Structure formats: structure tokens, C-alpha cells
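**Student:** No letters, just coordinates:
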């Protein structure tokens, strides 16, 4: 495994409706680790993930994945959105959803081959959901739906996985299944980045943590980040000056960077 | 009678029948995706918005030239979509308001142009009204050829983007993150909706075209749990409805086709709402009846168990049972069939299986009372009504969890013994 960081975030500032919600984030996530993006509600965790996945355009800064631009390594990255963002009443069964992981963005007239089916079956086995493969997705519990999402992601056979709150609304059995799978993935050299809001479990789950509260409070190995000072800083509230200047930027329609400086 | 059905012998009739069925099926396939993307209103906006394109095409060609009218309709349809998107993006108007504004403005403009066409003295000018409500009987084989070519293009395009479009419809963020060109897919779907609308103008008419885009999909959803089945069902439903409308149009040529197609679709909708598995009214009614039956049965066996608790006797007089509110000979027969009871003379004997069942329900009742009292801190005299219903609902694994949470308790809040299987 190379020493290139799986993800390198450089001076990233991002806003929603012109109001900055992430300020000058600068950090690296190593390869082959379980990485947590941890912080209180509204601290910009999902926004950071969306910027990494190119779903939002940052106001300044950039992200490198395996040392490259996202577009050239997309096939090595898999993203698991929050479970609530999709309509689980969609007409599809478990197998249909997992096979979506095999669709090819570069091809018209996509076909599903036997190999794709084998990969999907394998993915379902790894999340202990194979017996449900013909079940409609609305009939699953929240935890089972999450496992289906993860199976779809596994079917993409990526090297880097980004998951948004996979433990929210999940039963104990699913939590165990997901956790042991994550460890298994790490041991086979995959990098998994997880957005997580619960401090209690974050310490047990992750090797490496980015502690976030609209700015980066700390980023590093879990033992180094989990100090009472840093946690106090992250969970002790927003910096009022940051919020006020953010509101000003939105109100006055001000740019975040002067012209020509957007990438720094 | 004979004269009304004489068109059955005309080859033109069969061509038009198959043609409209095919065109409608194609439109419903595209409509299935707009339905699933919750853009049903968009179909209606497009259908109304293309009228200036139709009238303009007619004026430009100077006659009823189907190809030019189609192209006019498609171009103006694209303009309709673009206008709605532009307004939504540039102003603070909600998409629904933007659609309403564009729909009514373009439709008004179209009606003005239509008046110009009608007073123009051009050949076939009076026939343009067929585009508003559809008139299958007026479709000629050469019109059908033009529509069908566009329909085939729609089907092939849909097949080409079928899987990406499915992923986009289900999970947009995931599609985008994987490098699917979501904006392009949106654009292609919009053009397909416009084209699907345009191919139906003469058979169903643009005012009711939205019904053909959305209603078959909504009907199909009630009978299917997978997309592929949904597409097949909505195609068939749309084809049948269109065929029905066409037959009526030929029987009574003064009658517009579109309204009849919509009426047939509505009939399908009513039947589906009533009969659909899982979602239908009848299914729900039957499930409710079934629940009532279970409740009555379980209440009876619980009563018998309580009788045993106070008298330690497993036999009950038929007389005594008659006093209970749920008594009916049918109910007793069903309990006997379960192996819970046996009749001996004028008495009923509770069999071991019945005892077990009565014990289980009593246990569930008392566990729930205890749970409410301990964990929700309800007053002891408030817990009984809830337990009366929950005792029928508590499954084995919930009972197990209650037992664990409460630490295998001995008695309920009213100091009654909680019975276990020994």
C-alpha cells in the first residue's frame, strides 16, 4: 500500500446558499484505515462528504483522491448516501438495488451479465442479506435497508468507501453485521470513511478521526484526537465570529476568494 | 347495428387501432419514469405548452403536414421545459408556480394561433380541433407512419438509458457521485416526455395527454413491486385504454377519442384501488376483518383461562360461555378446530393447547401492563385498556424482549400472577 493519502483535502471552503458551512478544511485521510468524520449536528459533515464526492463545488480549495482528481479515480470510489435520502417505496427488490452497483456510467444499453449477478450475490452474502434478495425494499427494517445500500456499494468493488451515517436508525443485529464487515474491509486494504455523529461509539469504531464543527478542530489517529480539550472545542458550540461573517457573506453576496485565488 | 360495426371490415380501422395502442403504450413507458420521479405535473405542463408548436407547424406548412406539425410540437415542448427551468432557477417562484404560469401562457398563445389557423381558409383547417381532444378516426396511415417512427425512437432511447435512468430515479446522489451524467439524463428524459406527448396528439389530444403519461403508471404501481413489471403493466393498460377509445371514436365519429380513453383509464384506476394486493381497499378490509376474528378468538380463550385461574377447573358450562360478549357458535367451532376446546355434553373442556394459548395471552397482557407502569410511569388504573389490544399483537420476540427488559417479573401492577410455561 502506498503512502499517498486516500483523501487529501486542501484548504476547502464550501457554502450552502452562499453561506459558508465549512471553513478552510485542510486534512488527509490515510489508506487502509477506518476513518470517522465526527462532529455535532450541523457541523458540516455531510457537506464535507459531498465535496469529496464532487456533488458540491467548493468555493475554494480542492480534494485529491489517491493523489488524483476525482474524475480519474471515480471507479475506485463508492459513496453510500444517507438512507433517508431515497424513496424506499421505489418499485425494486433487494437484488435490483444491489445490481445498481454494477451499472456502468460510461455505457449505453447497459447489460447485466452473469458475472454481475455473482458479484451482487457475493455482496449480499457479506452483509448477511442473501435470503432477502427477492424481498421488496419497503418491507425491510431500517438496518436491513442500510445493509442493502452497503451491499450495492460493495458490488462496485471500489478501494475507497464513503458512508454517510450508516449507523443511524439501525438495529443491533445490523450494527454488528456492518461493524464486522467494516473491519473485514479494512483488513483487505480498503479505506472506509464514515460520517458519524455519536461520540460514544466513535472512539471504538475508528482508527483515524476528523473532528469537525464548521472548521476542522482536529484530524489524526483516534487516541490523539480524543482529548477532552479537543472534544470540548468541537462540541462546545460554534465560533460566533465565523457564523456572523458567514451571514455577512451571504447577505452582501460577497465572494469567498478574490478572483484567481479560488484554489488556495 | 350492422352499420355501426361495419368499420371492423375496414383495414384502416385495424391499423389505427393497433397504432394508437402502440403509441399510447410508448407514452406510458416514458410516463412511468416521470411518475416515479414525482414530476407528474410536468407532463401536464408540456402537453398544454406544445399547442403553439402545433398551430405554428400547421401555419408554416400551409396544410395538415403531420411531420412538420410533430417537429413544431417537439421544439415548442422543449421550449416549454426550458422556460419552466429558467423561471425556477432565476426567480424565487416554486416549480409548481412556474409550471402553472408557462402552461397557461403557452396554451393561451396556442389557442390564439389556432383561431388564426381556423380562419385562414387553409385546407383541413377545421381539422385542427382534433389535436385538442383527439380523434382517432381521423388518423390516416401516413400520419400513423410518422407518429410510429417517433415512437420507435423514443423506445430505443429509453432502452439505451434504461439502467442509468433507473438509478437516477431511485438515488440521484449516488448516480451523480459515480459519474453518471445526471443533467444529460434529465435533458434526455424531458425530450422523451415531449416526444411521447407529441405522438399522442391526434389519438388522445393534448389536453388529456397527461392522463396517458401518468395514470397507467399509477395503476401499474398498484399491481407491481418491481420496475420491469410496472413498465409492462402500464404499457398494456395504456394500449387497452387507447384501443377502447379508438373503437368508440369509429363508432361515433363526432365523439372525441381522448375523453373516452381517460374514462377507460379511470375505470382501471377504480378497479385497482379496490382490488390491488397489499394496497387495495378490499385487501385492507379483509385484513381488518381477520384481525377482529383473531381478537374475538383470543379473548374467548383468555376468558376460559381466567375461569381456570379462579376455579382451577378446565370445564366450563355452555351456559356460562353464552354470557360472554364474543360468544358465537361459529367462534367456538373455530376454537375447537384449533385444538383448544372440546365439547362434551353441555360442557366445554379446555385442552392443553387452549390452556397454553390462554396463558400466553394473559401473560402478554400482564407484561404489557407492567411495562407501561414501570417504563412509561403510567398510573396503575390507566394501563388496562392498552393491554387489552396489545395482548393480541405481542409477538414471540417482543414478548422475549419485554421479559428481558422487565427481568422475568412475577406479578403485574395489580399483583396478579404472571403465568409462565413450566
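**Tutor:** Received, thanks. Values in this document were obtained by computation on a predicted structure and should not be read as measured data. Numbers count the residues shown, from 1 in each chain, chains lettered A, B, ... in the order given.

**Student:** Quick check: phi and psi on the residue of the stretch 251-400 of chain B found nearest chain A?
**Tutor:** Per C-beta to the nearest C-beta, residue B:278 is where the stretch 251-400 of chain B lies closest to chain A, at 9.2 Å. (Each C-beta comes from the backbone N, C-alpha and C, glycine too.) Note on residue B:278: its backbone torsions stand at phi 70, psi -40 [degrees, to the nearest 10].

**Student:** Point out where chain B drops to low pLDDT.
**Tutor:** By pLDDT under 70, the weakly predicted segments of chain B are B:1-5.

**Student:** What residues does it have near chain A?
**Tutor:** B:36, B:159-164, B:166-167, B:169-171, B:173-181, B:221, B:224-227, B:229-230 (C-beta under 8 Å from any C-beta of the partner chain).

**Student:** For ChimeraX, write the select line for the buried members of those.
**Tutor:** Filtering the residues of chain B next to chain A down to the buried ones (16 or more other C-beta atoms under 10 Å in any protein chain shown) takes a single ChimeraX command:
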select /B:36,161,162,163,164,166,167,169,170,171,173,174,175,176,177,178,179,180,181,221,224,225,226,227,230
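
**Student:** Pull out the buried residues from stretch B:385-395.
**Tutor:** Buried, per 16+ other C-beta under 10 Å, within stretch B:385-395: B:386-387, B:390-392, B:394.

**Student:** Dump the residues you listed to CSV, plus secondary structure.
**Tutor:** CSV is the format used below for these (DSSP: H, G, I helix; E, B strand; the rest coil):
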residue, secondary structure
B:386, helix
B:387, helix
B:390, helix
B:391, coil
B:392, coil
B:394, coil
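
**Student:** any idea how far the residue of the stretch 251-400 of chain B closest to chain A is from residue B:225?
**Tutor:** According to C-beta to C-beta, to the nearest Å, residue B:278 and residue B:225 sit 8 Å apart.

**Student:** Can you get me a residue count around residue B:86?
**Tutor:** 12 (other C-beta atoms under 10 Å in any protein chain shown).

**Student:** what's the helix or strand for it?
**Tutor:** Residue B:86 is part of helix B:66-90 when elements are defined by DSSP states H and E.

**Student:** try residue A:143
**Tutor:** According to DSSP H and E, residue A:143 maps onto helix A:142-154.

**Student:** and the spatially closest residue to residue B:60 that is not a sequence neighbour, how many neighbours?
**Tutor:** Nearest residue to residue B:60, sequence neighbours excluded (C-beta to C-beta, 6 or more residues apart in numbering or on different chains): residue B:68, at 6.2 Å. Neighbour count of residue B:68, defined by other C-beta under 10 Å: 18.

**Student:** Kindly report the same for the one 10 residues further on.
**Tutor:** Other residues lying near residue B:78 total 19 when counted by other C-beta under 10 Å.

**Student:** Next: residue B:373.
**Tutor:** Neighbour tally, residue B:373, other C-beta under 10 Å: 17.

**Student:** For it, which non-adjacent residue is spatially closest?
**Tutor:** Residue B:373 sits nearest to residue B:413 (C-beta to C-beta, 6+ apart), 4.2 Å away.

**Student:** packing partners for the helix holding residue B:86?
**Tutor:** helix B:40-49, helix B:51-61, helix B:95-118, helix B:141-160, helix B:182-199 (3 or more C-beta pairs under 8 Å, 6 or more residues apart in numbering or on different chains; DSSP states H and E).

**Student:** of these, which approaches residue A:199 most closely?
**Tutor:** helix B:182-199 (35.2 Å; C-beta to C-beta).

**Student:** Residue A:173 is in contact with residue A:143, isn't it?
**Tutor:** Yes. Contact between residue A:173 and residue A:143 holds when scored by C-beta atoms under 8 Å: they sit 6.7 Å apart.

**Student:** of these two, who's got more company?
**Tutor:** residue A:143 (21 against 13).

**Student:** Which strand or helix spans the spatially closest residue to that one that is not a sequence neighbour?
**Tutor:** In this structure, residue A:143 finds its nearest non-sequential neighbour in residue A:174, 2.7 Å apart by C-beta to C-beta, 6+ apart. Using DSSP H and E, the element containing residue A:174 is helix A:172-187.

**Student:** Please point out which parts of that helix sit buried.
**Tutor:** Under the neighbour-count rule (16+ other C-beta under 10 Å), helix A:172-187 has A:174, A:177-179, A:181-182, A:185-186 buried.

**Student:** Need the residues that contact stretch B:316-332.
**Tutor:** B:296-297, B:299-300, B:303-304, B:307, B:341, B:343, B:346-348, B:350 (C-beta atoms under 8 Å, 6 or more residues apart in numbering or on different chains).

**Student:** Just the ones of those in strands?
**Tutor:** Using DSSP state E, B:341, B:343, B:347-348, B:350 are the members of the contacts of stretch B:316-332 that sit in strands.

**Student:** nearest to residue B:203, of these?
**Tutor:** residue B:341 (64.4 Å).

**Student:** show me what contacts the closest residue to that closest one other than its chain neighbours?
**Tutor:** Nearest non-adjacent residue to residue B:341, counting by C-beta to C-beta, 6+ apart: residue B:335, 4.7 Å away. Residue B:335 makes contact with B:297, B:300-301, B:341, B:354, according to C-beta under 8 Å, 6+ apart.

**Student:** Would you mind listing what in chain A touches chain B?
**Tutor:** A:50, A:53-55, A:71, A:74, A:77-81, A:85-87, A:90-93, A:96-97, A:100, A:103, A:105-106, A:108-110, A:136, A:152, A:156.

**Student:** Please pick the buried ones from those.
**Tutor:** Neighbour-count burial (16+ other C-beta under 10 Å) applied to the residues of chain A next to chain B gives A:50, A:53-55, A:74, A:77-81, A:86, A:90-93, A:96-97, A:100, A:103, A:105, A:110, A:136, A:152, A:156.

**Student:** Looking at those residues, which are in helices?
**Tutor:** A:50, A:96-97, A:100, A:152 (DSSP state H).

**Student:** For the residues you listed, which two are the farthest from each other?
**Tutor:** Checking these with C-beta to C-beta, the most distant pair is A:50 and A:96, at 25.6 Å.

**Student:** residues in contact with the residue in the stretch 151-264 of chain A that chain B sits nearest to?
**Tutor:** When scored by C-beta to the nearest C-beta, the stretch 151-264 of chain A has residue A:156 as its residue closest to chain B, at 7.5 Å. Residues in contact with residue A:156 (C-beta under 8 Å, 6+ apart) are A:75, A:78, A:101-102, B:178.

**Student:** 7 Å instead, please
**Tutor:** For residue A:156, the contact set (C-beta atoms under 7 Å, 6 or more residues apart in numbering or on different chains) comprises A:78, A:101.

**Student:** What backbone torsions are found at it?
**Tutor:** According to degrees, to the nearest 10, residue A:156 has phi -80, psi -10.

**Student:** now do the one 5 residues further on
**Tutor:** The phi/psi pair for residue A:161 (degrees, to the nearest 10) reads phi -120, psi 130.

**Student:** what comes into contact with the lowest-mean-pLDDT helix or strand in chain A?
**Tutor:** Using mean pLDDT, DSSP states H and E, the weakest-scoring helix or strand in chain A turns out to be helix A:240-252, at a mean of 75. For helix A:240-252, the external contacting residues (C-beta under 7 Å, 6+ apart) are A:17-20, A:23, A:214-215, A:256.

**Student:** Need the max-distance pair from the residues you listed.
**Tutor:** The most distant members of these, if one measures by C-beta to C-beta, are A:17 and A:215, lying 19.2 Å apart.
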